[in-house]
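Enquirer: Dropping the sequence and predicted coords here.
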Amino acid sequence: MEGLASFRAVPSFTSRPRSSILGTALNPRRGNSLSFSSSSSSIVRAQQMESKDDEPEPEKIELKIKEWENSMYHNEVAASQGIRIRRRPPTGPPLHYVGPFEFRLQNEGNTPRNILEEIIWHKDTQVAQLKERQPLYSLKKALDNAPPVRDFIGALRAANSRTGLPGLIAEVKKASPSRGVLRENFDPVEIAQAYEKGGAACLSVLADEKFFQGSYDNMLAIRDAGVKCPLLCKEFIIEAWQIYYARSKGADAILLIAAVLPDLDIKYMTKICKMLGMATLVEVHDEREMDRVLGIEEVEFIGINNRNLETFEVDIGNTKKLLEGKRGEEIRKRDIIVVGESGLFTPDDIAYVQEAGVKAVLVGESIVKQSDPEKGVAGLFGKDISLQSV
Ligand SMILES: O=C(O)c1ccccc1NCC(=O)[C@H](O)[C@H](O)COP(=O)(O)O
């Protein structure tokens, strides 16, 4: 696994007597051969299985310790790749734990450091609950009835050659943490149809309910209404299960955020998308994330977010900065489609990111706020880009 090379060796010590604790915690018949999911819910489940008065069984202690270590290990790998977002609130080690992580956990806060981390902690809990209700095997069966996948990247390329402008991914978004409610009178199907009429190549549909007032039902409703634009499921993906879920709800593409996911997760999830025929938009915000993502052979579709998701600061110069020099050359050589995301309001903004090298743009606020989103699209590009126009 990547990131292991920089895994620090830290002395392990504890005030508790090591031998007796290990003696009860580990079951030699099972050793280290078990594989564990890193879900926090299973830690909670294992804790619930114990009665407070009972001495926990060795297998349960072992399970808790492995789960916890696995989660700590994930954080270590992520941190070694510059990822500051933690997957879940840090908890102290389970009872009877003896090992290196305990030493490193001192002074860790258990309140989220920023909005992105808060969203991720919420997702971790939400996904664990959803998975219990619909495990992967039944989700995979549901895919037989899912609407067919459409070619997301192909639609952007076609729009770019048709108009000579970046292909538009128009965002169906009611609210956001940085901007609050963007549109009170929010009818996702009506908005999607208006975007399509206005010449959008693809749509991005917010699925998160708590922070964006979105839903998977919006995505299904848009598909059921006959909208032909391929759909990006705009969700905070932390587990492969969510990709299958998005597909079952009609998604043609998903978003992976490099600020949240280690390289190995990006590789693995990109492969799953490929297997399902879906596109994977990998989002970056700074040079380090861009370099990590360019190091992943499977990546063919990159979004540059002009919004810093930790501070909400928006600067469209970010797109230009990340496409300069060697990075831009590499992107052109590999024919990677780049999407300029966030903070785009005017034809000049579109011209600026196009000049920087993007073939597509992802736009929410400036068009969703218009009383007529179809006209909003024309206003954004400074001309009619609908199918009728060209
Ligand atoms: O927009 C936010 O407040 C936000 C906060 C935390 C995570 C993600 C967030 N936004 C996602 C996006 O970046 C935008 O929805 C998308 O790029 C469109 O941006 P805009 O055109 O500026 O609405």
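Expert: Arrived safely, thanks for sending. Remember, it's a predicted structure, so these values are computed and weren't measured experimentally.

Enquirer: Give me the spatial nearest neighbour of the residue in the stretch 151-300 of the chain that the ligand sits nearest to, chain neighbours excluded.
Expert: Closest to the ligand within the stretch 151-300 of the chain is Ser178: 3.1 Å, counting by C-beta to the nearest ligand atom. The C-beta positions use only the backbone N, C-alpha and C, and glycine is treated the same way. Nearest-residue entry for Ser178: Phe312, 4.2 Å, with adjacent residues in sequence omitted and distances by C-beta to C-beta, 6 or more residues apart in numbering.

Enquirer: The residue of the stretch 151-300 of the chain closest to the ligand should be in a strand, yeah?
Expert: No - looking at Ser178 with DSSP: H, G, I helix; E, B strand; the rest coil, it is coil, so not inside a strand.

Enquirer: isn't it right next to Asn308, touching?
Expert: No - look at Ser178 against Asn308 with C-beta atoms under 8 Å: they stay out of range, at 10.0 Å.

Enquirer: who's more crowded, these two?
Expert: A direct count of neighbours by other C-beta atoms under 10 Å for Ser178 and Asn308 places Asn308 higher, at 17 against 14.

Enquirer: Is stretch 283-301 in proximity to the ligand?
Expert: No - Stretch 283-301 lies out of reach of the ligand by C-beta under 6 Å from any ligand atom, never closer than 8.0 Å.

Enquirer: Distance from the chain centre to that stretch, please.
Expert: 14 Å (C-alpha atoms, centre = their mean, to the nearest Å).

Enquirer: Just the mean pLDDT for it, thanks.
Expert: In this model, stretch 283-301 has an average pLDDT of 97.

Enquirer: which outside residues touch it?
Expert: Here stretch 283-301 makes contact (C-beta atoms under 8 Å, 6 or more residues apart in numbering) with 81-82, 153, 255-259, 263, 266-267, 270-271, 274, 279-282, 302-305, 307-309, 318, 321-322, 327, 330-331, 334-337, 339, 341.

Enquirer: and these near the ligand, which?
Expert: 305, 307, 309, 341.

Enquirer: what's the first one in contact with, if anything?
Expert: Right, the one you point to is Asn305. Counting by C-beta under 8 Å, 6+ apart, Asn305 has contacts 283-285, 318, 341-342.

Enquirer: Format those residues as CSV; extra columns: secondary structure and neighbour count.
Expert: Below are the contacts of Asn305 laid out as CSV (DSSP: H, G, I helix; E, B strand; the rest coil; neighbours: other C-beta atoms under 10 Å):
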residue, secondary structure, neighbour count
Glu283, strand, 23
Val284, strand, 24
His285, coil, 22
Asn318, helix, 25
Glu341, strand, 29
Ser342, coil, 26
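
Enquirer: Quick check: next helix or strand after the helix or strand Glu355 falls within?
Expert: Using DSSP states H and E, Glu355 falls within helix 347-356. As assigned by DSSP H and E, the chain's next helix or strand after helix 347-356 is strand 360-363.

Enquirer: From the contact counts, what lies against the helix or strand hosting Glu67?
Expert: Using DSSP H and E, Glu67 falls within helix 58-80. With contacts defined as 3 or more C-beta pairs under 8 Å, 6 or more residues apart in numbering; DSSP states H and E, helix 58-80 has these neighbours: helix 18-25, helix 40-48, helix 100-104.
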